[in-house]
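Trainee: Following is a predicted model, sequence given first.
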Amino acid sequence: MKVIPGVLLASALILSSIGVALGQEKDPNVSGTASSSTHSVGTVDVHGPIDAHGNVQTATSAEAGAGVDASLTPIRERAKKASTNACAAVQKQLAEISRQIDAEANDKGDAVVAGRIAPEFGMTAETMTAEQSSLNAGLGEVVIAHTLMANSKASVTAEQLFRLQREGLGWGQIAHGLNLRLGEVTAAVKSEYSVAAGRAKADGKPAMIHSGTNVATNAKAGVHAGPASAGAASSVGVGVKVGN
């Protein structure tokens, strides 16, 4: 009979322990559950896209980056569809013209050659040489870029065209990306070389390169422009203001 009170006492102690444990689970001040709750709330405060390094980008920087890509994406996509053989031919000829312009600048000085060609694009010699320096490029490639810009219906800057070039696109691909006829590109740049070399005077009217490369348009153009697939070889003498 004396065993019963002991059993009752043990049962009471067990029930008391269970009650304390249940109270702790409901108490928000207990560290075990508070840590989990704090982390959950913390994730709600993350705003903006996450970059490749796991850092949160601000809306402004993300939108700025997207805007730059969006402005050049159509040109990149069109450039990728250009004829490889035609672009290679144009690139080879433009590289030679660029080399000749650079040789003239090395011989006469950048300021002298820029003074001849800059007015063709509505620029001063100082502006052109400053741009050449900022782009870290030869004067020949600056002339190529401005010849394409002067004929492009897309609003692009020289810095943007050089960005595409440094991404790996050749000038022929860039011209195609700008929807310019490859068959007229070499002759137009060759014409501007005549101005840079002092054999022609700048008149503020850059040599023309027509837009569009579809077959119907080229058929209407007749002898004035060869099809893009024919490459630059067919364009020699086309649109040249002064013969060499």
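Mentor: Looks like it arrived, so ask away. Residues are numbered from 1 along each chain as shown.
Trainee: Now do the strands in this structure.
Mentor: With strands called from DSSP state E, the chain shows none.
Trainee: all helices for it, in order.
Mentor: 3-26, 31-42, 59-79, 84-108, 110-117, 125-135, 139-151, 158-166, 171-177, 182-196, 215-221 (DSSP state H).
Trainee: rank the ones you listed by pLDDT, which is bottom?
Mentor: Mean pLDDT per stretch puts helix 215-221 lowest among the helices of the chain, at a mean of 35.
Trainee: How many neighbouring residues does residue 198 have?
Mentor: 14 (other C-beta atoms under 10 Å). All C-beta atoms are positioned from the backbone trio N, CA, C, and that covers glycine.
Trainee: I meant residue 119, not that one.
Mentor: Counted with other C-beta under 10 Å, residue 119 comes out at 17.
Trainee: just residue 115 next, same as before
Mentor: 19.
Trainee: please renumber so the chain begins at 52
Mentor: That works, and once the first residue is 52, the last one we named lands at residue 166.
Trainee: isn't it right up against residue 178?
Mentor: No: Residue 166 is beyond contact range of residue 178, at 11.1 Å (criterion: C-beta atoms under 8 Å).
Trainee: what's around the nearest residue in space to residue 201 that is not next to it in sequence, how many residues?
Mentor: Nearest residue to residue 201, sequence neighbours excluded (C-beta to C-beta, 6 or more residues apart in numbering): residue 257, at 3.9 Å. Using other C-beta under 10 Å, residue 257 is surrounded by 24 other residues.
Trainee: Next one, pLDDT for residue 257 please.
Mentor: 96.
Trainee: list the contacts for it?
Mentor: 171-172, 197-198, 201-202, 239, 243 (C-beta atoms under 8 Å, 6 or more residues apart in numbering).
Trainee: could those go into TSV alongside neighbour count and distance to residue 217?
Mentor: TSV is the format used below for the contacts of residue 257 (neighbours: other C-beta atoms under 10 Å; distance: C-beta to C-beta, whole Å):
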residue	neighbour count	distance to residue 217
171	24	25
172	20	21
197	23	17
198	28	19
201	17	21
202	21	21
239	27	23
243	26	22
